[in-house]
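Undergrad: give the three-dimensional model of this entry:
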Amino acid sequence: MIAELRMSSYKNNRVCWLPEHLIARSVKDICNDDATQNDTDLQAEFGARAHHASTLLLAYAAALKPIREDTKIDHSRFMNGM
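TA: Numbering: from 1, shown residues only. Model prediction:
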């Protein structure tokens, strides 16, 4: 699934693939309104993975912020990637 997403990227974008992805499987076992129906082990593992992926996303956003704000990069003339 992830490989298909990466292969089907179109040109003219500035995509930056993260080395982490988050896929929710067994959703019926971890996301019920009635918490007694949830598998606590699966829910804990998914929560930990989601936290890790979110932390990585925030780190990438912080690292790329100076690039987006750099005045030497002509975003108006070259608004898309290759």
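Undergrad: figure out how far the lengthiest helix in the chain is from the centre of its chain.
TA: With DSSP state H applied, the helix covering the greatest number of residues in the chain is identified as helix 40-69. From the chain centre to the centre of helix 40-69 is a distance of 7 Å (C-alpha atoms, centre = their mean, to the nearest Å).
Undergrad: might you report the residue contacts of residue 68?
TA: In this structure, residue 68 makes contact with residue 75, judged by C-beta atoms under 8 Å, 6 or more residues apart in numbering. Every C-beta, even on glycine, is put in place using the N, C-alpha and C of the backbone.
Undergrad: ok, back up a step: for the longest helix of the chain, buried residues please.
TA: For helix 40-69, the neighbour count (16 or more other C-beta atoms under 10 Å) marks 43, 46 as buried.
Undergrad: just the mean pLDDT for that helix, thanks.
TA: Model confidence over helix 40-69, given as mean pLDDT, is 92.
Undergrad: next one: stretch 21-37
TA: Stretch 21-37 comes out with an average pLDDT of 86.
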